[in-house]
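> this is the structure alone, sequence omitted:
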């Protein structure tokens with residue numbers, strides 16, 4: 001009998017130990033993730049008790065605010081579909097997304113001094129207050145970008161290469177977060193996928209815009225290529241595979257090859273860099289990791305080093321093959337060339353204030369990656385400047401300011417080519433870097449470059 005009681009005691013003790021370990025694990029390791037889950041109903045309870053803070057653009061324009069009537073609050077998004085994927089939404093039925101989710105605790109006064117201040121307010125029956133968030137986005141430029149996308153599938157990213165501050169992050173098609181409960185079933189069924197932020201989560205072949213990365217890889221392998229001439233007969237044969245070019249470009253140097261977007265030259269450069277050198281540079285540009293911008297962002301993908309045989313390497317070198325990237329990543333790649341090889345960490349939130357208006361978080365510019373050397377960046381910039389002056393990117397030109405750019409027309413199995421443009425301005429002292437993609441829209445020089453040029457001109461006129 002005593003033996004059975006002892007066994008039962010050991011069993012209960014063992015079960016208790018397992019329970020303690022499990023609860024400790026959930027509290028210490030899984031707790032933060034569960035607490036911040038957008039479907040956590042605890043946040044909904046707070047919503048009913050706290051006057052949620054406001055999200056502003058960089059000039060103090062409200063992008064998300066709470067209106068109160070008859071002791072009920074309603075979250076309002078004045079910019080509507082223009083900022084839907086970035087700012088996100090909060091909804092009792094459908095959770096929360098975007099920056100509304102990422103900064104939920106600050107907006108609800110659950111962080112720092114506000115946490116204790118609101119506890120006292122609750123005990124005393126006073127109103128509980130959340131903090132405010134100010135973004136780097138310019139809502140006027142954001143609206144312009146969305147207008148130029150015109151409902152077509154695509155995205156635009158505009159940022160400051162010196163700091164990483166994102167001025168525009170537009171994704172189209174979009175939706176009106178003010179009408180979420182009315183349109184949610186349609187959003188889920190919409191084949192255009194308006195809920196996806198194409199700027200950060202789109203997965204596209206980069207086409208010829210990727211040639212700036214290929215050039216960096218080749219020059220890192222052999223700096224003498226900067227002075228070499230290449231012969232373009234209009235095609236390149238790699239291990240029996242014929243890669244056709246868009247034209248017979250004849251004899252070109254690296255600058256001219258960039259300007260006319262010579263596939264033959266850049267396929268050769270990719271093979272010259274080799275699988276290891278090519279992949280090393282792709283990693284250096286941050287294209288195989290998630291950009292730390294503060295909202296969900298997709299890491300780029302490419303063929304594994306072991307699969308980068310010469311034919312795949314030649315295709316990847318001109319932005320085809322198995323390479324897939326997001327517009328944000330290509331904007332950062334352009335920013336690397338603009339900023340002498342340095343990629344600054346991208347960010348959307350400038351400051352966070354508590355309920356008393358005290359700044360509790362302020363973003364400072366910090367280096368994220370070193371993509372290439374200043375010398376290589378300068379050589380690539382020469383080619384990008386030439387592309388806008390007398391090459392494929394002339395439609396991105398802005399009166400009174402020199403723009404550096406690279407076009408792309410990325411082939412894809414779903415139809416017409418994706419139209420790309422990446423670049424920066426002014427080319428001598430870059431303050432703006434841009435990436436534009438329009439899905440299945442054709443030529444990057446014809447379709448995407450004019451959008452970029454207009455946006456750059458507007459941004460400079462606005463003082464950026």
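Perfect, thanks for sending it. Treat the numbers as computed from the prediction; the structure is a model and nothing was measured.
> quick one: residues contacting residue 326.
When contacts are counted by Cβ atoms under 8 Å, 6 or more residues apart in numbering, residue 326 is found next to 198, 199, 200, 201, 202, 203, 204, 291, 297, 298, 300. Using the backbone N, CA and C atoms, a C-beta is placed for each residue, glycine as well.
> let's go with 6 Å and repeat that
Taking Cβ atoms under 6 Å, 6 or more residues apart in numbering as the criterion, residue 326 is in contact with 200, 202, 298.
> what helix or strand is the first one on?
Right, residue 200. Here residue 200 sits within helix 198-201, counting by DSSP states H and E.
> packing partners of that helix?
In this structure, helix 198-201 makes packing contacts with strand 154-159, strand 166-172, helix 327-338, judged by 3 or more Cβ pairs under 6 Å, 6 or more residues apart in numbering; DSSP states H and E.
> returning to that earlier point: next, format the contacts of residue 326 as TSV and append neighbour count.
Supplementary listing: the contacts of residue 326 in TSV, determined by neighbours: other Cβ atoms under 10 Å:
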residue	neighbour count
200	27
202	23
298	18
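> can you redo these as JSON lines with pLDDT and distance to residue 375?
Output for these, formatted as JSON lines (pLDDT from 0 to 100; distance: Cβ to Cβ, whole Å):
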{"residue": "200", "pLDDT": "98", "distance to residue 375": "31"}
{"residue": "202", "pLDDT": "96", "distance to residue 375": "32"}
{"residue": "298", "pLDDT": "96", "distance to residue 375": "31"}
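> of the helices and strands packed on helix 198-201, which is nearest residue 61?
With Cβ to Cβ as the criterion, residue 61 lies closest to strand 166-172 of the helices and strands packed on helix 198-201, at 13.4 Å.
> that closest one: partners in the sheet, and parallel or antiparallel?
When pairing is defined by DSSP bridges, strand 166-172 lines up against strand 154-159 (antiparallel).
> pull the residues that contact the strand it pairs with.
So strand 154-159 is in contact with 145, 166-172, 198-199, 202, 327-328, 331, 433-439, going by Cβ under 6 Å, 6+ apart.
> so which of the helices and strands packed on helix 198-201 comes closest to residue 451?
Comparison of the helices and strands packed on helix 198-201 against residue 451 by Cβ to Cβ identifies strand 154-159 as nearest, at 6.8 Å.
> state the mean pLDDT of the closest one.
The average pLDDT within strand 154-159 is 98.
> run the angle between it and helix 327-338 for me.
Orientation of strand 154-159 against helix 327-338 (axes from the mean of the first three to the mean of the last three Cα atoms, to 10 degrees) gives an angle of 40 degrees.
> I'd guessed residue 382 sits against residue 255; true?
Yes. Because the distance of 4.9 Å satisfies Cβ atoms under 6 Å, residue 382 is recorded as touching residue 255.
> the more surrounded of the two?
Set side by side, residue 382 and residue 255 show more neighbours around residue 255, with 20 against 17, by other Cβ atoms under 10 Å.
> got a pLDDT number for that one?
According to the per-residue confidence, residue 255 scores 96 in pLDDT.
> element containing it?
For residue 255, the enclosing helix or strand under DSSP H and E is helix 254-260.
> against which helices or strands is that helix packed?
With contacts taken as 3+ Cβ pairs under 6 Å, 6+ apart, helix 254-260 sits against helix 374-390.
> so how far is the next helix or strand after the helix it packs on from its chain's centroid?
Heading C-terminal from helix 374-390, the first helix or strand you meet, by DSSP H and E, is strand 404-412. The chain centroid and the centroid of strand 404-412 are separated by 18 Å, computed with Cα atoms, centre = their mean, to the nearest Å.
> which secondary structure element of the chain has the lowest mean pLDDT?
Between all helices and strands in the chain, the lowest mean by mean pLDDT, DSSP states H and E belongs to helix 31-35, at a mean of 47.
> if we can go back for a sec, which residues touch the helix holding residue 200?
Residues lying outside helix 198-201 but in contact with it, judged by Cβ under 6 Å, 6+ apart, are 155, 157, 169, 171, 297, 298, 326, 327, 328.
> can I assume residue 55 is in contact with residue 65?
No. Shown here, residue 55 and residue 65 do not form a contact pair, counting by Cβ under 6 Å, at 7.6 Å.
> more neighbours: which of those two?
Higher neighbour count among residue 55 and residue 65: residue 55, with 26 against 17, using other Cβ under 10 Å.
> skipping adjacent residues, who's closest to the more buried one in space?
Ranked by Cβ to Cβ, 6 or more residues apart in numbering and with sequence neighbours excluded, the top spatial neighbour of residue 55 is residue 64, at 4.0 Å.
> what pLDDT is listed against that neighbour?
With respect to pLDDT, residue 64 has a value of 97.
> list the contacts for it?
For residue 64, counting by Cβ under 6 Å, 6+ apart, the contacting residues are 55, 77, 87.
> and the gap between the second one and residue 178?
The one in question is residue 77. According to Cβ to Cβ, to the nearest Å, residue 77 stands 5 Å off from residue 178.
> so between those two, which is more surrounded?
Shown here are residue 77 and residue 178; by other Cβ under 10 Å, residue 77 has more neighbours (23 against 17).
> over to the spatially closest residue to that one that is not a sequence neighbour: give its phi and psi.
Excluding the flanking residues, the one nearest residue 77 by Cβ to Cβ, 6+ apart is residue 177, at 4.6 Å. Torsion angles at residue 177 (phi, psi; degrees, to the nearest 10) stand at phi -70, psi -10.
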